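Engineer: got a sequence here, can you build the structure:
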Amino acid sequence: MKKAGILNRHLAGALAGLGHGDGVLVCDAGMPIPDGPRVVDLAFRAGVPSFAEVLDGLLAELVVEGATGAEEVRAANPEAARLLDALPALVLVPHERLKELSAGARLVVRTGEARPYANVLLRCGVFF
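Structural biologist: Prediction:
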């Protein structure tokens, strides 16, 4: 058993299979999940695990070359907006557009977050 990093075997395995340019949607409990991508649902109860916890864990494991979030997050969820500010090349789009873009994700990681617009689409980079 791993003693560090992501312990959830479904999530660890899904991350290991990602390649350059693949999309990873990290979403709150209310985001519609598109048909097609692999889904790792981490939601346990409202707020657990939080968007912040999951995003921090994923950023420690992934190389991210770009990210897309919902522009509505600035007004509706300032805590999540501060987290998104730390992402490289963050682009903000209307939430409806983010939902459209999420259909192209290869992996969806659902958190227990229960506050609005705590969603981001990460684009994988390469480590070399």
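Engineer: isn't residue 31 up against residue 110?
Structural biologist: Yes - Residue 31 is within contact range of residue 110, at 7.4 Å (criterion: C-beta atoms under 8 Å). For the C-beta atoms, the positions are set from N, CA and C on the backbone; glycine is no exception.
Engineer: checking residue 4 next. Helix, strand or coil?
Structural biologist: coil (DSSP: H, G, I helix; E, B strand; the rest coil).
Engineer: for residue 54, same thing?
Structural biologist: Going by three-state DSSP: residue 54 is helix.
Engineer: what's the neighbour count on the nearest residue to it once chain neighbours are set aside?
Structural biologist: With C-beta to C-beta, 6 or more residues apart in numbering as the measure, residue 111 is the residue that lies nearest to residue 54, at 4.6 Å, once sequence neighbours are left out. Using other C-beta atoms under 10 Å, residue 111 has 25 neighbouring residues.
Engineer: kindly report the same for residue 17.
Structural biologist: Counted with other C-beta under 10 Å, residues neighbouring residue 17 total 10.
Engineer: tell me where the model's unsure across this protein.
Structural biologist: Across the chain, the ranges flagged by pLDDT under 70 are 1-2.
Engineer: please, where are all the helices along this protein?
Structural biologist: Using DSSP state H, the helices found in the chain span residues 9-16, 51-61, 73-76, 78-85, 95-102.
Engineer: distance to residue 124 added to these, as a markdown table?
Structural biologist: Shown next, in a markdown table, are these (distance: least, C-beta to C-beta, whole Å):
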| stretch | distance to residue 124 |
| --- | --- |
| helix 9-16 | 9 |
| helix 51-61 | 10 |
| helix 73-76 | 22 |
| helix 78-85 | 17 |
| helix 95-102 | 15 |
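Engineer: okay, stretch 86-101 in PDB with CA atoms only?
Structural biologist: Extracted in PDB, the C-alpha atoms of stretch 86-101 (Å, rounded to 0.1, in the frame of the first residue of the first chain):
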ATOM      1  CA  ALA A  86      -3.000  29.700  -8.400                       C
ATOM      2  CA  LEU A  87      -3.500  27.700 -11.600                       C
ATOM      3  CA  PRO A  88      -1.300  28.300 -14.600                       C
ATOM      4  CA  ALA A  89      -2.900  29.900 -17.600                       C
ATOM      5  CA  LEU A  90      -6.400  30.000 -16.000                       C
ATOM      6  CA  VAL A  91      -9.100  30.900 -18.400                       C
ATOM      7  CA  LEU A  92     -12.500  31.900 -17.100                       C
ATOM      8  CA  VAL A  93     -15.600  31.200 -19.200                       C
ATOM      9  CA  PRO A  94     -19.400  31.200 -18.500                       C
ATOM     10  CA  HIS A  95     -20.500  28.200 -16.500                       C
ATOM     11  CA  GLU A  96     -22.600  26.900 -19.300                       C
ATOM     12  CA  ARG A  97     -19.500  26.900 -21.600                       C
ATOM     13  CA  LEU A  98     -17.500  25.100 -18.900                       C
ATOM     14  CA  LYS A  99     -20.200  22.400 -18.800                       C
ATOM     15  CA  GLU A 100     -19.900  22.100 -22.600                       C
ATOM     16  CA  LEU A 101     -16.100  21.800 -22.400                       C
END
